[in-house]
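S.K.: Any chance you can model this:
(one chain, ligands or ions: 1)
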Amino acid sequence: MARCTAPSAPRFEHHDGSVLGIGAAAPRLSWTIDDAEPGFAQTAYEVEVTRAETTRVFTVEASDQVLVPWPAEPLVSREEAAVRVRVRDAVDWSPWSATSTVEAGLLSPEDWAASFISPRTLAGLETAAPVVRGRFDLPAAAVGRLRLTAHGVYEARLNGQRVGDEVLAPGWTSYSHRLRYQTHDVTDLLREGSNELEVVLGNGWFRGRLGFLGGRGLYGDRLALLAQLEVTDAHGELHVVGTDDSWTAAESGVLADDLYDGQRTDLRRPMWGSESAADVVDVVPVDLGVLVAPDGPPVRVTQVVPAVQVLRSPSGATILDFGQVLVGWVRLRVRGLAAGAEVLVRHAEVLEDGELGVRPLRTARATDTYLVAGGGEEILEPGLTFHGFRYAEVSGAGEVRGEDAEAVVIGSDLQRTGWFSCSDPMLARFHDNVVWGLRGNTVDVPTDCPQRDERLGWTGDIQVFSPTAAFLFNVGGFLTSWLADLSADQLPDGSVPYVIPDVLHDPAPTAAAWGDAAAVVPWVLHERTGDTGILARQLPSMRAWVDRLDALAGESHLWAGGFQFGDWLDPSAPPDDPFAAKTAPDVVATAHLIRSADLVAQVASILGQDAVAGHYRVVAAAVRSAFGREYVTPGGRLLSDAPTAYAMALQWDLLPTSEQRVGAQRRLADLVRASGFHINTGFVGTPLVTDALVGGGDVDVAYRLLLQTSCPSWLYPVTMGATTVWERWDSLLPDGSINPGEMTSFNHYALGAVADWLHRVVAGLAPAEPGYRRLLVEPRPCAALTSARARHLTPYGEAAVSWERDGGVFTVDVLVPVGARATVRLPGQEEQTVGHGAYRWEVPDPCRVGGHRIPRTVRDVFDDPAIWTEVVNASAAAGVATDETAVAKRLTPFLDDPAGEVVERLFAHGPRDGYDTLTKQLQPLLAP
Ligand code: BGC
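M.R.: Next comes the predicted model:
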């Protein structure tokens, strides 16, 4: 009798279901088991592989179910295999899973019969987007496959029907090293006899504007297409045709297209070009060795959002509001316009003084224009560009009704895998904003922002955000691909470009926290997906990075001097100087060197490369002791007396003695108090600070920081109506104006990296072993929240933790998927480890609620939210200090003084007006 349900149909590599055109000849397999009796443990599995007419079953004695090796002969190009699995415990086999199929792509350049072609005279930089067209006589197809890619972006039609549903294919990679091609099943689009394939080519990343340096055509000045149509007839014979010099080209109705500037479309012209204006094509030389199959999902339309209102701006403009900052374009229905009338759609993420706030776009024009055909109803929609926006100003379209407009959301079609909710609606909204931030910044590449003349694969941003990303969505394939680009673009000396794919071409790009993506992102993928192969593949790149830093540090073992971004966008840095952080860049740099060396040592040891591991342990130890010598006092003060410095030191084990650790912990918490519980960290410290606080037991201080709503804080943007995470803590200033800094995006994921802490620590669902094979369930409740919940589709299946505080009882529900275990730590309870299943624990609520406690010290006054609020409000009312920050500043020097002296201390340096009122008001709270 089977003791578990049938496993899920197997997955291949990081793909979700069946895969067409996979690039791995020996794709690894994973499956989940929905349900099993208590105590069930897989001891063996069988994989049945059917290829051509042969079926073989492979039996493996192992408990693994995530990314297990392909058991059969490798696939050859175009080969299809149907795969199913079953598992056994000590007792019996499960039923067989459903079948998934995997079909190999073209695994060798020799498999391509087609050549890259480019229009000979059309398709200049300033001319319309070309359509290239080929015609073929083909037999009836039992199976039809179309494989294609481009220099530029493409959209294809076969016999007048759109091929697939991808947008902006083939996406963006380091084109000279890796160019993705797509494989489509076109069996149903083909017909016996004459067939016509048409492909429109846009500039995309290849030839459009790219980067804030103003460049265009960075990868080349000619658009080109490679397309190969493969038909297997009823007898099993393969017929291959493809792009060659018999193709023709014509101009499409797209007069201009650019990712930053937008698209200009003439709807009076035939969209797919006119035969009368045909051009010939040239075969252009491109190394087919760079072609790779996709590792992750393509960019698609993922949602359509209706307009929520139509606004009339003070200047009289018509502005559509979609209610959400998003990424994609506007689809607009117009009617009754004169032929040739011009309709303009401009985009922006915010309004300023009621008008479109386009200054943050810098030089990106983000404008779609249409010359309409006129007469009846027309749908206006681009397809070769995208914009980041919430608002769209429409002109030339006459009366615009809300129901005639929708926002088409695009992005890499990543599977959603993570959810978080809690009792605080603002925090829940913040989390939604993080999700939208991720969606908008995963348009094939993990970007900084999606709207201005930038949209680049900034390494530092994904370095800090990758743990959050890996919880919320299946980014396994997406980041696997990006890391391949990182390795490809890494400099021979190990330096890592600031952006991947590299379009900035800095000759010596070594910036801490940015280049460290080379070490951190593979580690995060391993930790979250259980993929060890990615470590093996990236180890050379990781090592090269650390070797480079080690060389830079030289004999001092301190990485000092040189260009650094540092703790970028520390809130105390002025708008025009985001570099001016409180934490010295040298401290940030050396700390990162230690962290990355540690990671390389761990990775090498996981891969069984002990000598390599030993080497990097020695590197890390030498730098650690140099760091301790140079930057830490015996009592645990750091050279940069700023939260980011302490957070790094505590989180990355940079403090050798327990006295230093205790001192640093105390100092970190005091610095948070000193800022009036406002955030005081930039890109580097922000993802670390709450973990560092909780690690030392300052849970309540961490929550005070998290739940702060005045500026700067995570929730301040929510109070300002934000629907995404902003680049700056104050991208929109409290008076509603746009931050004057020249970088002011309203859709940047980096500062949303704290969401990983919400999942792991607030809700309490963390990975304890790679791929969540063991979960760590350790929720850390606080008085300000009555419930929280996180749910994640781990590689083993769904895991969830939810808790509630009610009536003095802390109730925790936990779901552990089959194949995983969970170590559970609950307040006041012994730690325990449990197997799969659903559990509930009820323990005394550890949070103190209600009841007035007399504070002992000024520090206790800070720490009691109710008393603190009274002190702040009373001080403000009495005119002693303007707000929380000012009160905190006054009291910080006196943290260890008796609480009863708070009023005295508030007046330490100033006139004593209001002293008596304040004493009367506060003293009962502060002293017995
Ligand atoms: C980007 C950042 C990036 C930074 C480098 C900015 O322009 O938008 O997110 O990491 O430059 O410091």
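
S.K.: Can you tell me which residues in the stretch 51-200 of the chain are near the ligand?
M.R.: Taking Cβ under 6 Å from any ligand atom, no part of the stretch 51-200 of the chain reaches the ligand. Every residue, glycine included, has its C-beta placed from N, CA and C.

S.K.: before we move on, which element is residue 776 in?
M.R.: strand 774-777 (DSSP states H and E).

S.K.: Using CSV, list the CA coordinates for that strand.
M.R.: The C-alpha trace of strand 774-777 is given here as CSV (Å, rounded to 0.1, in the frame of the first residue of the first chain):
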residue,chain,number,x,y,z
ARG,A,774,14.8,21.9,6.5
LEU,A,775,12.8,24.9,7.5
LEU,A,776,13.6,27.1,10.4
VAL,A,777,10.3,28.2,11.9
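
S.K.: packing partners for that strand?
M.R.: Helices and strands touching strand 774-777, by 3 or more Cβ pairs under 8 Å, 6 or more residues apart in numbering; DSSP states H and E, are strand 765-767, strand 809-816, strand 821-824.

S.K.: Kindly reformat those strands as CSV containing mean pLDDT, mean neighbour count and distance to residue 305.
M.R.: Listed next are the helices and strands packed on strand 774-777 as CSV, based on pLDDT from 0 to 100; neighbours: other Cβ atoms under 10 Å; distance: least, Cβ to Cβ, whole Å:
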stretch, mean pLDDT, mean neighbour count, distance to residue 305
strand 765-767, 98, 27, 30
strand 809-816, 98, 19, 32
strand 821-824, 98, 21, 38
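
S.K.: Which stretch among those approaches the ligand most closely?
M.R.: The minimum distance between the ligand and the helices and strands packed on strand 774-777 falls on strand 765-767, with 26.2 Å, by Cβ to the nearest ligand atom.

S.K.: and the closest one, what other elements does it pack with?
M.R.: Checking 3+ Cβ pairs under 8 Å, 6+ apart, strand 765-767 ends up next to strand 774-777, strand 787-794, strand 797-806.

S.K.: Neighbouring strands - and their directions - for it?
M.R.: strand 774-777 (antiparallel) (DSSP bridges).

S.K.: Report the contact partners of residue 282.
M.R.: Counting by Cβ atoms under 8 Å, 6 or more residues apart in numbering, residue 282 touches 117, 118, 119, 120, 245.

S.K.: in the sheet, who's paired with it?
M.R.: residue 118.

S.K.: rewinding a little: between which two of the contacts of residue 282 is the distance greatest?
M.R.: 119 and 245 (11.7 Å; Cβ to Cβ).

S.K.: which one of these two has more residues nearby?
M.R.: Shown here are residue 119 and residue 245; by other Cβ atoms under 10 Å, residue 119 has more neighbours (26 against 12).

S.K.: Export the helices and strands packed on strand 774-777 as JSON lines, with columns for distance to the ligand.
M.R.: Below are the helices and strands packed on strand 774-777 laid out as JSON lines (distance: least, Cβ to the nearest ligand atom, whole Å):
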{"stretch": "strand 765-767", "distance to the ligand": "26"}
{"stretch": "strand 809-816", "distance to the ligand": "36"}
{"stretch": "strand 821-824", "distance to the ligand": "36"}
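
S.K.: Show me where this protein dips below the pLDDT cut-off.
M.R.: 1, 850-851, 928 (pLDDT under 70).

S.K.: Residues of it that sit close to the ligand?
M.R.: Counting by Cβ under 6 Å from any ligand atom, the residues of the chain that sit close to the ligand are 448, 449, 454, 458, 460, 461, 565, 568, 743, 748, 750.

S.K.: mind checking how far the residue of the chain positioned farthest from its centre is from the ligand?
M.R.: For the chain, the largest distance from the centre (Cα atoms, centre = their mean) belongs to residue 916, which lies 53.8 Å off. For residue 916, the distance to the ligand equals 51 Å [Cβ to the nearest ligand atom, to the nearest Å].

S.K.: That residue is in what secondary structure piece?
M.R.: helix 915-926.

S.K.: tell me how far that helix is from the chain's mean position?
M.R.: Computed by Cα atoms, centre = their mean, to the nearest Å, the chain-centroid distance of helix 915-926 equals 49 Å.

S.K.: Which strands or helices does it pack on?
M.R.: Checked by 3+ Cβ pairs under 8 Å, 6+ apart, helix 915-926 has helix 865-877, helix 902-906 packed alongside it.
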